[in-house]
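S.K.: I'd like to go over a predicted model; first the sequence, then the structure.
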Amino acid sequence: MQKNVIVTGGSSGIGHSIATKLIDLGFNVFIFSRRPPSEWECKMPQKWNPSTNWVEVDFTSTSNLESTIQSWLTSHGEQLAMLVHSAIDYGSNKRRPFTSIDIDEWERVFKVNVHSLFLLAKMLTPQIVQNGGGLIVPISSEVAYNSGPGRIDYAASKAAASSLVQSLVDETEDLPINIVSLLPEGMVNTPGIQKRRVKGDPVLEEYAPPTSFQQPIIDIVSDMGKSLHGKVYSVNSQGKMTDIEGKKLISNTRETDIGFACEEV
């Protein structure tokens with residue numbers, strides 16, 4: 001029987017690219033997202049069934065997310081083997097001083113980027129262990145290490161998520177579960193970037209495609225993360241993974257950019 005995988009934020013960008021590759025590898029992929037498949041910018045493989053494998057969820061609502069996870073576990077939990085957490089909220093679509101951020105916006109970013117990761121790990125880890133073991137792949141960001149001006153909510157949330165993941169690694173040391181984090185080495189050409197950038201900027205040509213994360217996911221699931229457990233890897237535009245331990249990450253965030261590319265599926 002196919003192993004079940006949950007991919008959050010799989011409707012676009014990095015999450016979508018990872019989801020399609022996992023489907024190719026034979027996993028039964030469930031995508032948790034706010035938007036329905038009819039609104040997605042990129043197509044899913046024909047063999048993926050949106051009526052059974054898309055799960056509507058509001059990551060800004062803890063109660064909604066909790067009830068959604070519980071319902072899914074009741075129906076599909078016995079084959080759960082993996083979680084890829086790629087859901088993201090960037091906050092505002094432009095840089096701005098921290099004094100202009102209202103508390104509702106701050107809380108929304110943390111609900112999506114931190115609270116949802118905690119709740120998913122809390123509720124899914126026991127089931128993964130009960131099933132004999134598995135894998136968690138959180139998608140991080142260089143802003144967890146390079147905060148920078150004008151993005152205090154996003155940077156703080158990703159730093160908190162990074163610390164949360166490291167604590168998970170420590171707490172699950174004696175459990176049959178592996179945790180491997182991935183983050184882009186540079187900018188990735190996704191719909192989220194499209195919304196935050198100015199049309200026509202030539203810097204687009206420098207940005208990595210979301211498909212750059214497909215080879216890393218192949219490498220990780222080859223042994224379900226056993227050989228890479230506890231590591232954090234940056235991924236470059238060619239899909240090469242680099243262990244970031246002891247390395248200085250360079251921020252290449254720009255003020256302008258637009259556009260995204262759909263991979264062929």
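M.R.: In hand now; what should we look at?

S.K.: C-alpha only now, for contacts and for neighbours.
M.R.: Fine.

S.K.: how about the nearest residue to residue 133, chain neighbours excluded?
M.R.: The spatially closest residue to residue 133, leaving aside those adjacent along the chain, is residue 176, at 4.5 Å (Cα to Cα, 6 or more residues apart in numbering).

S.K.: which residue ranges form the helices in this structure?
M.R.: Ranges of helices in the chain, per DSSP state H, are 13-24, 50-53, 62-76, 103-110, 116-130, 152-171, 191-196, 214-221.

S.K.: mind checking which of those helices is nearest residue 88?
M.R.: Residue 88 sits nearest to helix 103-110 of all the helices of the chain, at 8.0 Å, using Cα to Cα.

S.K.: And the contacts of the closest one?
M.R.: Here helix 103-110 makes contact (Cα atoms under 8 Å, 6 or more residues apart in numbering) with 60, 88-91, 153-154, 157.

S.K.: Can you tell me which of those residues lies closest to residue 237?
M.R.: Distances from residue 237 to the contacts of helix 103-110, taken by Cα to Cα, are shortest for residue 88, at 20.2 Å.

S.K.: pretty sure the closest one is touching residue 114, no?
M.R.: No: Residue 88 is not in contact with residue 114 according to Cα atoms under 8 Å; the separation is 9.4 Å.

S.K.: Give the residue farthest from the middle of the chain.
M.R.: residue 99 (28.2 Å; Cα atoms, centre = their mean).

S.K.: Give me the residues contacting stretch 232-250.
M.R.: With Cα under 8 Å, 6+ apart as the test, stretch 232-250 has contacts from 142, 145-146, 180-186, 207-209, 211-216, 231.

S.K.: Drop anything exposed from these.
M.R.: 142, 145, 180-186, 207-209, 211-216, 231 (16 or more other Cα atoms under 10 Å).

S.K.: In strands, which of the residues you listed fall?
M.R.: Judged by DSSP state E, strands contain the following of the buried ones among the contacts of stretch 232-250: 181-184.

S.K.: Cool, thanks, signing off.
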